[in-house]
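**Q** Requesting a structural model of the entry that follows:
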Amino acid sequence: MPDTAPVHTRHGSNIGQPLTRREGLLKVTGGARYAADNHPAGMLFAVMATSSIARGRISSLDTAAARAHPGVIEVMTSENAPRLARHPDETGEPFTYKLDLLQDDRIRYANQPIAVAIAETLEAATEAAALIAPSYSAEPARVELDVGERFVPSEVGVGEPPDAGKGDVAAGLAAAATRVEAVYETAAQYHNPMEPHGVVAQWDGNRLMLDTPSQGMSIAQMRLAGLFGIEPTDIHIRSPFLGGGFGSKGALWAPQVLGVMAARLVGRPVKLVMRREQMFGPVGHRAQTRQTLRLGAGAGGKLTAIDHHTLTASSSFDDFFEPSGGVSHTLYATPALATRHEAVRLDTGTPFFMRAPGEASGSAALESAIDEMAEACGMDPLTFRLANYAEVEPLSGKPFSSKNLRACYTRGAEAFGWASRPLAPRQMRDEAGLLVGWGVGTASFPAIMFQAEAMAVLRADGSATVALGAHDMGQGAWTALAQIAADGLGLDLERVEFRMGSSDLPNAGIAGGSSHTATAGAAIYNAGADVIAQLAEIATGDERSPLFGTGNVGVVARGGRLVRRDDDSRSESYADILARAGRSTIEGKGAGAGDAAAQENYAMHAHGAVFAEVKVDPDLGQIRVTRLIGAFAAGRIINPRMVRSQYFGGMIWGVSFALHEHAVLDPHSGRPMNGNLAEYYVPVNADVPSLEAILVEEDDPHVNPLGIKGVGEIGITGTAGAVANAVWHATGTRVRTFPITLDKLL
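**A** Numbering: from 1, shown residues only. A predicted model of the protein is given here:
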């Protein structure tokens, strides 16, 4: 039998090589085709009109003026929108939420779609949408945490209980020699990938073709099939490239479905792309939180209790609750632990998964509280973390499948120069007189796997095609998954044609939860292993083959040849094996999914530590992050170049969380007041001048056969807290509201 175990340490392996992006040339030359780049013959342009209130009803729309505008074909409203096979408030498929699809006159949040103008040109459609001139019967908007009635949700995140714990927290706090209680607030954050959501839709009878950015094409197919009463197989989605997703493109949102409805209404292809300001509402966001942490510690700084309470918000009409307390389940050893969640309903769009959902907001609060406890105990914050190092997962008691966090602390601290950090705040200044502060934050993210399928075809000339409906949001999947494909087949990378980004390929599941490389990669590798197993069966059973009779000794796939495991001199090329068997191709199939037994017995996480340096103007309160060093242990690294890029992206988002990013909603109208990239602040190059990511080696034999963990989200979870702690160390002022802005320091 063939050797299907991954052997990736040998020279020439595709996995582990820092290859540049396979699609890089296409992207820099404009050859990469994104959804909105498609222009089928006869295509019309659609533009949404959206609500300027957050709660109430539409009184009137001036559709006559809009329809009379030159170039306008139709205006779609609740009066003439195609009726749906299923009401858009009915859900059932995974990762589906209630949608506003012009089925009534009710307004549930600002920027809710209220009409769609369809015209021959984008300009005509834009002008027609402005002519609709809606009037409303408005009701008071509820957009702040204190205006709603609190309740305990039935679940948080995806199926997690709102309350969890172990031990006696009250007793642990009472017995503590040192106690800290603090309230941390995190602002609402809105999705702003470079590529806004959009769709190019065209109908052919009951068959639907659409180009739309998607992190989960099979999920989108099921949702559309239910809404329009057609079969999922009658829907073809193309999504080869995404200009960022970060969770927001994991579900199908109202604007994309409205584009499909518009195409059905007018009987022609239609393109609808959201404007930047329209992104603030209909396509998910990270909900605001208010987190109360109570910590107790005994002699020597050992934690006696952690109590983590989260107040968050969902929309008035649907459920998604930020699971901020979950991060306290995984990091610090304590005999008593409790996490609790409460929620209110607000007149906003429904929150959704946003990069490191729960972990980002929760770790910002937890890492700040841990620093406050270290300060109260008179201990260095890194020493305090090491003193409370969890050898097993604190809540479940499961051993970690692998945990190299100590190495992350050690290597990160050494590279940063942490040993020279003074304990007291406000002790360091640079040559210009700016206050200098150093902070640390622990990073953690679960190692998740969903389900995926893949196929591989080996051809008579020794080349191959590997295909699945995978997704690349820019993280490098086109390259990393192709590297896995080549190794699974024992071929050089240039001999493998790799296809993805289309729903007519095998279902690759969803690209979310930093799970895609592990899940899709396992399916790809197993498809290659299936091909090699079939090939080996042919060769070892053929008397004319030098591999005949190999039997239990087995063969290894390498360089387009099968090689006898115990004798390198006995080998045969794939092409020769196929030619002698009279075969033009061999097709293999593979699946990827988590191992239920391993997940039951082990806690599976990636870990890391982030060290931050900030400089603060003592007079003006201006804050600059001047250095970030992160050390991360995340299983087998498929492509170090891509992994560092992902770590950098996560760390930059952590800076954004700590210092920049927040939505401002008018408390009277509920409208976003900074719904643009000029006033909704995100970091630019000048905000993060020095980044370093250290890849700590880790072999996790339990997480999955390839040993892969995700890297896309973990960088946020350590960085936001590290920056906040560095600000305190620089200034002596503990700011507990994120983002930390200069007015809070002054």
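
**Q** all helices for the stretch 351-500 of the chain, in order.
**A** For the stretch 351-500 of the chain, helices defined by DSSP state H, counting those that start in this stretch occupy the ranges 359-376, 381-387, 405-416, 477-489.

**Q** where are the low-confidence patches of the protein?
**A** 1-12 (pLDDT under 70).

**Q** Check which element follows the helix ranked longest in the chain along the chain.
**A** For the chain, the helix with the greatest residue count under DSSP state H is helix 516-540. The C-terminal neighbour of helix 516-540 among helices and strands, as given by DSSP states H and E, is strand 555-558.

**Q** And that next one, what does it pack against?
**A** Under the contact definition 3 or more C-beta pairs under 8 Å, 6 or more residues apart in numbering; DSSP states H and E, strand 555-558 sits against helix 516-540, strand 561-564. (C-beta placed from N, C-alpha, C; glycine too.)

**Q** Export the helices of the stretch 351-500 of the chain as a markdown table, with columns for mean neighbour count.
**A** Shown next, in a markdown table, are the helices of the stretch 351-500 of the chain (neighbours: other C-beta atoms under 10 Å):
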| stretch | mean neighbour count |
| --- | --- |
| helix 359-376 | 27 |
| helix 381-387 | 21 |
| helix 405-416 | 20 |
| helix 477-489 | 27 |
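
**Q** Tabulate the ones you listed (TSV), appending distance to residue 323.
**A** Below are the helices of the stretch 351-500 of the chain laid out as TSV (distance: least, C-beta to C-beta, whole Å):
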stretch	distance to residue 323
helix 359-376	7
helix 381-387	23
helix 405-416	22
helix 477-489	26
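
**Q** so which of those helices comes closest to residue 29?
**A** helix 477-489 (15.2 Å; C-beta to C-beta).

**Q** so residue 512 sits right up against residue 353, yeah?
**A** Yes - using C-beta atoms under 8 Å, residue 512 is in contact with residue 353, at 6.4 Å.

**Q** Overlap of the contact sets of the two?
**A** Contact criterion C-beta atoms under 8 Å, 6 or more residues apart in numbering; residues shared by residue 512 and residue 353: 247, 250.

**Q** where do the helices sit along the stretch 1-150 of the chain?
**A** Going by DSSP H, counting those that start in this stretch, the stretch 1-150 of the chain shows helices at 24-29, 63-68, 122-131.

**Q** Pull the residues that contact the longest one.
**A** Same thing as helix 122-131. In contact with helix 122-131 (C-beta under 8 Å, 6+ apart) are residues 44-49, 62, 65-67, 69-72, 75, 115-119.

**Q** List the backbone torsions phi and psi for the closest residue to residue 380 other than its chain neighbours.
**A** Nearest non-adjacent residue to residue 380, counting by C-beta to C-beta, 6 or more residues apart in numbering: residue 423, 6.1 Å away. Backbone torsions of residue 423, given as degrees, to the nearest 10, read phi -70, psi -40.

**Q** Which stretches in the stretch 251-400 of the chain count as strands?
**A** For the stretch 251-400 of the chain, strands defined by DSSP state E, counting those that start in this stretch occupy the ranges 270-273, 285-286, 289-297, 303-315, 337-346.

**Q** tilt between the fourth one and helix 359-376?
**A** Spelled out, it's strand 303-315. 150 degrees (axes from the mean of the first three to the mean of the last three C-alpha atoms, to 10 degrees).

**Q** Neighbouring strands - and their directions - for strand 303-315?
**A** Partners of strand 303-315 in the sheet, by DSSP bridges, are strand 289-297 (antiparallel), strand 337-346 (parallel).

**Q** before we move on, what about the first one?
**A** In the sheet containing strand 270-273, its partner strands are strand 44-50 (parallel), strand 198-204 (antiparallel), by DSSP bridges.

**Q** winner for burial among the ones you listed?
**A** strand 44-50 (a mean of 25; mean count of other C-beta atoms under 10 Å).

**Q** With just CA atoms, put it into PDB.
**A** Taking C-alpha atoms only, strand 44-50 is exported to PDB below (Å, rounded to 0.1, in the frame of the first residue of the first chain):
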ATOM      1  CA  LEU A  44     -28.200  46.700 -16.400                       C
ATOM      2  CA  PHE A  45     -27.000  48.500 -13.300                       C
ATOM      3  CA  ALA A  46     -28.900  48.500 -10.000                       C
ATOM      4  CA  VAL A  47     -28.500  50.900  -7.100                       C
ATOM      5  CA  MET A  48     -30.100  50.600  -3.700                       C
ATOM      6  CA  ALA A  49     -31.900  53.400  -1.900                       C
ATOM      7  CA  THR A  50     -31.500  52.900   1.800                       C
END
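
**Q** So residue 193 sits against residue 245, correct?
**A** Yes - the criterion here is C-beta under 8 Å, and residue 193 meets it with residue 245 at 6.0 Å.
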